[in-house]
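Novice: give the three-dimensional model of this entry:
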Amino acid sequence: MRVIAGEAKGRTLKAVPGTNTRPTTDKVKEAIFSMIGPYFDGGMALDLFAGTGGLGIEAWSRGVERTVFIDREKISIDIIRQNVQTANMGSAAEIYRNDAERALKALAKRGQRFRLVFLDPPYIMTSMDSLMGQLAENELLEPEATIVVEHDAAHRYAEEMDGFKQIKHAKYGDTAVSIYKYDNEDSPDGRETDDNE
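Specialist: Residues are numbered from 1 along each chain as shown. Just a heads-up that it's a prediction; the model follows:
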């Protein structure tokens, strides 16, 4: 695994030992960022089932200002710390050991809002639609935020969910990627912002 583009291009990242963590392959990672980027102008990213931290590091390398990494496994947290150091992210990384739902509540208390969210859980988990709902309920998303869901190709998430619209869906072997845009029209921040951009 390596960082494909941007500030940390070419840096080699460590994988988590064992078979419990399935890192996103470089091929799939490259496809994801060609769909959602390929480069970014600031904003915060959330890598919620971070594993090795590869997706969040790639986002930062391509222009995201800060990335929050969450994983519940200590071994993953140790690898993320090493990979963040390899990428030379410094204070642009926040790393927390927690499960996803608790982490969202903690982040909400801190008033954080994300422009980009990666949901790449173990494939046995098929509840990312529920977690997306919690992201919205906890007001953790900027208007027009992008949510990337990596999942088993045999599972299909709905094209539209409350406040979310699927803009891309692609399969790579047994891996599928579903990309959503968040549009909360009820929020005062959800109005058109063309004049202010």
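Novice: what helix or strand is residue 135 on?
Specialist: According to DSSP states H and E, residue 135 maps onto helix 128-137.
Novice: buried sites along that helix?
Specialist: 128, 129, 131, 132, 135, 136 (16 or more other CB atoms under 10 Å). Backbone N, C-alpha and C define where each C-beta goes, glycine included.
Novice: determine the longest helix present in the protein.
Specialist: Longest helix in the chain, counting residues (DSSP state H): helix 74-87.
Novice: C-terminal to that one, what's the next element?
Specialist: Downstream of helix 74-87 (by DSSP H and E), the next one is strand 93-97.
Novice: ok, and what's touching that following strand?
Specialist: Outside strand 93-97, the residues that touch it by CB atoms under 8 Å, 6 or more residues apart in numbering are 50, 53, 56-57, 60, 66-74, 77, 80-81, 84, 103, 106.
Novice: give me the angle between that strand and helix 74-87.
Specialist: 170 degrees (axes from the mean of the first three to the mean of the last three CA atoms, to 10 degrees).
Novice: buried ones in strand 93-97?
Specialist: Residues of strand 93-97 classed as buried: 93, 94, 95, 96 (neighbour count, 16+ other CB under 10 Å).
Novice: what helix or strand is the nearest residue to residue 4 once chain neighbours are set aside located in?
Specialist: Distance criterion CB to CB, 6 or more residues apart in numbering; nearest residue to residue 4, sequence neighbours excluded, is residue 30 at 5.5 Å. Assessed by DSSP H and E, residue 30 sits inside helix 26-36.
Novice: hmm, back to that, restricted to helices, list the contacts of strand 93-97.
Specialist: Using DSSP H, the contacts of strand 93-97 in helices are 56, 57, 60, 74, 77, 80, 81, 84, 103, 106.
Novice: between those residues, which has the most around it?
Specialist: Counting neighbours by other CB atoms under 10 Å, residue 56 leads the ones in helices among the contacts of strand 93-97 with 34 neighbours.
Novice: quick one: average pLDDT of stretch 112-126?
Specialist: Across stretch 112-126, pLDDT averages out at 95.
Novice: need the residues that contact that stretch.
Specialist: For stretch 112-126, contacts defined as CB under 8 Å, 6+ apart pick out 20, 22, 24, 36, 40, 42-51, 55-56, 59, 64, 68, 100, 128, 131-132, 135, 139-142, 145-152, 155.
Novice: repeat the analysis, applying 6 Å as the threshold.
Specialist: Here stretch 112-126 makes contact (CB atoms under 6 Å, 6 or more residues apart in numbering) with 43-49, 55, 59, 128, 140, 142, 145-150, 152, 155.
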